[in-house]
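J.: next input, structure requested:
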Amino acid sequence: MCGRYALTAMPDEILNFVSVADFEEDFPARFNIAPTQPILVVMASERRQPGSNLPQRRAFLARWGLIPGWVKDPKDFPLLINARAETAVGKASFKAAMRHRRILVPATGFYEWRRPPRESGVQPQAYWIRPKQGGVIAFAGLMETWSSADGSDVDTAAIMTTPANAALRQVHDRMPVVIAPEDFERWLECKTQEPRDVADLMRAADEDFFEAVPVSDLVNKVSNMGPDLQKPVAVAVPEEKPPKRDTDSQMSLF
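T.: The predicted structure is shown next:
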């Protein structure tokens with residue numbers, strides 16, 4: 001699952017990374033992006049690159065939480081912030097987007113929580129998971145435009161996830177799908193690349209791609225939005241309880 005992420009690079013760095021030249025809106029660094037908020041997404045456009053048959057890319061803002069076009073009332077529909085890579089192509093909520101509206105979601109990392117068993121008494125530990133080399137990355141995503149009864153349109157999006165690699169499995173069993181820059185064109189090209197043609201891209205990142213940094217529980221609150229969310233903290237080691245003495249097994253002297 002991916003329920004929080006960050007995008008803190010400079011706008012020029014982000015747009016250069018995804019090869020978008022005509023996004024005029026300015027956007028600040030965001031350290032705690034949460035579901036239902038607007039997120040920056042990138043998709044192929046109908047226009048072609050000058051001197052090439054390759055489609056240009058356009059960036060725009062979409063609501064994080066995909067709403068399929070056939071939904072009548074979003075209030076009666078679950079919040080779809082993630083789409084499982086293993087099942088998205090066959091799910092009614094995602095299969096149209098998988099075929100026609102694949103997107104990139106720029107990020108500089110994401111947050112995840114390691115949740116010990118409740119009976120352990122240990123509190124969940126938040127982690128800031130970032131690329132070891134730094135910089136911007138791109139999650140695989142899906143997009144749908146939902147039309148309300150009053151005729152207004154809302155662009156909505158979900159981030160694709162896959163089973164976590166061995167390095168991150170100790171934190172959580174799933175992670176976002178990361179699309180490498182050399183695969184951007186293939187992922188975004190929905191006219192010639194069917195879902196089966198890009199299935200190989202929907203996999204976990206290499207074991208050494210990310211590092212997991214323990215951080216405080218400040219990230220738990222959406223209202224906390226500063227860089228201190230990513231400040232490393234020491235992970236508390238739970239105290240070992242002495243084994244319970246089995247008095248029933250002791251022999252009585254009387």
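J.: what helices or strands is the helix or strand of the chain with the lowest mean pLDDT leaning on?
T.: Lowest on mean pLDDT, DSSP states H and E among the helices and strands of the chain sits strand 38-48, with a mean of 89. Contact partners of strand 38-48 among helices and strands, from 3 or more Cβ pairs under 8 Å, 6 or more residues apart in numbering; DSSP states H and E: strand 55-64, strand 102-107, strand 137-147, strand 153-163, helix 184-188. No exception for glycine: its C-beta is placed from N, CA and C like everyone else's.
J.: switch to 7 Å and redo it
T.: strand 55-64, strand 102-107, strand 137-147 (3 or more Cβ pairs under 7 Å, 6 or more residues apart in numbering; DSSP states H and E).
J.: with respect to burial, which of the ones you listed scores highest?
T.: With neighbours taken as mean count of other Cβ atoms under 10 Å, the helices and strands packed on strand 38-48 reach their highest mean count in strand 102-107, at a mean of 26.
J.: mind listing the helices for the chain?
T.: 11-17, 95-100, 184-188 (DSSP state H).
J.: circling back: of the helices and strands packed on strand 38-48, which is nearest residue 192?
T.: In terms of Cβ to Cβ, the element of the helices and strands packed on strand 38-48 nearest to residue 192 is strand 55-64, at 10.4 Å.
J.: and residue 45, what does it touch?
T.: The neighbours of residue 45, taking Cβ atoms under 7 Å, 6 or more residues apart in numbering as the test, are 55, 56, 57, 58.
J.: and the nearest residue to it once chain neighbours are set aside, how far is that from residue 90?
T.: Using Cβ to Cβ, 6 or more residues apart in numbering and skipping the chain neighbours, the partner closest in space to residue 45 is residue 58 (4.4 Å). Distance, residue 58 to residue 90, using Cβ to Cβ, to the nearest Å: 28 Å.
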